[in-house]
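>>> Output the structure for:
(2 chains)
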Amino acid sequence: MTVPAARVTAAPARARLGGWSGAGLGVAVLWLSLLVLLPLAAVVATGAGDGWSGFWSAVSNHAALTAIRLTVLSALAVAAINAVLGTLIAWVLVRDSFRGKRIVEAVIDIPFALPTIVAGLVLLTLYGQQSSIGVHWYATNQGVLVALLFVTLPFVVRTVQPVLLALDREAEEAAASLGAEPFTTFRRIVLPAIAPAVASGAALAFGRAMGEYGSVLLISGGLPRTSVASQYVFAQIQNDEYVSAAAVSTVLLLISIVVLAVLGQVHRRAARRG
Amino acid sequence: MASDLLEAPVAAPAPVRPVRPRKRRLTRYALRFVAVAYVAALVAMPVVVVVWRTIDQGASTFWHAITAPDAVHAYQVTAQVAGLAVLINTVFGVGVAILLARYRFPGRSLLNVLIDVPVSISPIIVGLALVLVFGWTTGWFGPALQNAGIEVIFSTPGMVLATAFVALPLVVREVLPVLEEEGIEQEQAARSLGANAWQRLVRITLPTVKWALAYGVVLSVARALGEFGAVRVVSGDVSGQTQTLTLVVDERAEQFEPGAYQLSVVLIAVSAICIVAISLLRPRGEC
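Predicted structure coming up:
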């Protein structure tokens, strides 16, 4: 309820740029251009440099297509799995209380803080050739999937958790008192409220999985059929095939832009409704 | 039916529980089990196994691995690259957050969107993008840089750029909401009392955002120390010269040389410290 009020006071409070702030903006934009915009433009320009046929042959050869298909399908699967299990974990962390909950809470953050190559090594130890539990997913699609599930675990949990915490429980209690089964209450009352958060968490997970490299590297074994798009691009760079690397990168950038746009749309719709 | 339920009066002080408590409890245990089992199998167990194998190989192996010359050199490279990148991103992050929160200018919302672009880009593409602009033989600025004798790619500046790129939004995204929430009354009061821009920044703005800033810096440090893909592309991955710690871990793991586990445990320990710092700083959001 306080949000519209804050917006009313904040909007006119923004000042015009003065000497210092104007110079600051200039420096910031220059730095952003040098670091981000110009390099990304160079990727697109290089990818498109040989014209449409060059671009098409770079992204439509068998190895590139295999890598892109594996990446997109794995990222979709990972987003779906972690949307469900991430919501479940967020629910348990908010609504349940048990010994060791704080430990689970801290473990959720490990994938964010752990360097990706260490994540890859760690997963290789448990699910690789020398597996301690007899699961051999080295150089398989399952191995890639596990690595992507690992690095994207926190996204849905951390976007859904605050929304669940802030959720008014009166409606749920009312539903329960009127005889609704717990699952019905969840589906009809809780789920609509957290759906935007689940969607944006899943989109973040999808985006991250699309570009993931370090955690997948060791467990995928570097075979052509288990290489994700980032590994393919890296191999092209190593072979000085910059046009081909840039073309595949352009496809990945386009997918990222679409995901960001969808994410923005979800946020805008949620903001309008809330 | 959902709207009927929502509009139902919530007068019942002790809600009737039509579902049998036993079934309810079973559901709760089942959910708890699934959540804990998933987190344990995916994250906790693998980490524990790596730490266990490291302990299993003994203290002297550990010491040899973490004091090997290329490892020690990698600590220095990592500290230098991560330190510079975090410093740059902190200054840039606070500056951009102030600009976005306090000023209106054309392209303000575009700038707000562009800040987030780096998180959704593959680190390999980040590396490729920098090579295509700053590489001596491959880049747009290559000939000019070569004439000036400035080596960016395959050298420290490129690694700093790559690390700064991937960690770009972290400080902005922590500081900006606090600045927006806080309002400008205090800064206006300071201004009317005659404080200049620098005094207002140091005395009012920075103390206001200090916890958010600390949180953002810790996130940036964790991200910078762990960066792998982008640095691998721009550094050339030369052993004993341009290798950061993550690159050494990768080399040892791929070549089946000893030491990958031990150096991973060093990185896990640093991550653990970052997680503790994050969890200590997180509830202070309102400060």
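
>>> Assign residue B:139 to helix, strand or coil.
Here residue B:139 is coil, with the state taken from DSSP: H, G, I helix; E, B strand; the rest coil.

>>> Grab the nearest non-local neighbour of it.
residue B:133 (4.9 Å; Cβ to Cβ, 6 or more residues apart in numbering or on different chains). For the C-beta atoms, the positions are set from N, CA and C on the backbone; glycine is no exception.

>>> In which helix or strand does the one you found reside?
Per DSSP states H and E: residue B:133 is located in helix B:123-134.

>>> and that helix, what does it pack onto?
For helix B:123-134, the elements it packs on are helix A:38-48, helix A:191-211, helix A:229-238, helix A:242-273, helix B:156-166, helix B:229-235, judged by 3 or more Cβ pairs under 8 Å, 6 or more residues apart in numbering or on different chains; DSSP states H and E.

>>> The fifth one vs helix A:38-48, what angle?
Yep, that's helix B:156-166 we're talking about. Between helix B:156-166 and helix A:38-48, the angle comes out at 90 degrees (axes from the mean of the first three to the mean of the last three Cα atoms, to 10 degrees).

>>> can you list contacts of helix B:156-166?
Contacts with helix B:156-166, where a contact means Cβ atoms under 8 Å, 6 or more residues apart in numbering or on different chains, come from A:35-36, A:39, B:77, B:80-82, B:84-85, B:88-89, B:118-119, B:123, B:126-127, B:130, B:134, B:150-152, B:223-224, B:227, B:230-231, B:233-235, B:242, B:244.

>>> Give me the buried positions along the next helix-or-strand element following that helix.
Tracing the chain past helix B:156-166, the next element assigned as helix or strand by DSSP H and E is helix B:169-182. When burial is assessed from 16 or more other Cβ atoms under 10 Å in any protein chain shown, helix B:169-182 yields the following buried residues: B:169, B:170, B:171, B:172, B:173, B:174, B:175, B:176, B:178, B:179, B:180.

>>> wait, isn't the third one in contact with residue B:223?
Same thing as residue B:171. No. Shown here, residue B:171 and residue B:223 do not form a contact pair, counting by Cβ atoms under 8 Å, at 10.6 Å.

>>> domain parsing for chain A?
In terms of domains, chain A is parsed into A:18-48, A:51-273 (source: automatic domain parsing).

>>> For the last one, give the mean pLDDT please.
In this model, domain A:51-273 carries a mean pLDDT of 90.

>>> now do stretch B:144-156
Here stretch B:144-156 scores 90 as its mean pLDDT.

>>> and that stretch, how far from the chain's centre?
Computed by Cα atoms, centre = their mean, to the nearest Å, the separation of stretch B:144-156 from the middle of its chain amounts to 28 Å.

>>> same thing with stretch B:206-226?
Mean-position distance between stretch B:206-226 and its chain equals 9 Å (Cα atoms, centre = their mean).

>>> is chain A contacted by it?
Yes. For stretch B:206-226 and chain A, the contact criterion (Cβ under 8 Å from any Cβ of the partner chain) is met by B:222, B:225, B:226.

>>> and these, which of them are in strands?
Within those, membership in strands is found for no residue, as judged by DSSP state E.

>>> SS state for the residue nearest to residue A:251 when sequence neighbours are not counted?
Here the nearest residue to residue A:251 in space, its sequence neighbours aside, is residue A:59; by Cβ to Cβ, 6+ apart that works out to 5.5 Å. Per three-state DSSP, the secondary structure class of residue A:59 is helix.

>>> My guess is residue A:59 contacts residue A:247. True?
Yes. Between residue A:59 and residue A:247 there is a contact at 5.2 Å, judged by Cβ under 8 Å.

>>> for residue A:39, what are its contacts?
Residue A:39 touches B:126, B:129, B:130, B:132, B:133, B:134, B:165, counting by Cβ under 8 Å, 6+ apart.

>>> one more time with 10 Å
Contact partners of residue A:39, counting by Cβ atoms under 10 Å, 6 or more residues apart in numbering or on different chains, are A:33, B:125-134, B:139-140, B:161-162, B:165.

>>> How much space separates it from residue A:241?
For residue A:39, the distance to residue A:241 (Cβ to Cβ, to the nearest Å) stands at 18 Å.

>>> do residue A:266 as well
When Cβ to Cβ is the yardstick, residue A:266 and residue A:241 sit 37 Å from each other.

>>> go on, residue B:264?
Counting by Cβ to Cβ, the gap between residue B:264 and residue A:241 amounts to 32 Å.

>>> just checking, what packs against the helix or strand where residue B:26 lies?
Taking DSSP H and E as the definition, one finds residue B:26 inside helix B:21-39. In terms of contacts (3 or more Cβ pairs under 10 Å, 6 or more residues apart in numbering or on different chains; DSSP states H and E), helix B:21-39 is packed against helix A:62-95, helix A:101-108, helix A:141-166, helix A:182-185.

>>> hmm, who's touching it?
Residues from elsewhere that reach helix B:21-39, judged by Cβ under 10 Å, 6+ apart: A:81-82, A:85-86, A:88-93, A:95-98, A:100-101, A:103-105, A:107-108, A:110, A:149, A:153, A:157, A:176, A:181-183, B:17, B:19-20, B:44-45.

>>> and it, which residues are buried?
For helix B:21-39, a neighbour-count test (16+ other Cβ under 10 Å) marks B:31, B:32, B:35, B:36, B:38, B:39 as buried.

>>> Right, I'll leave it there.
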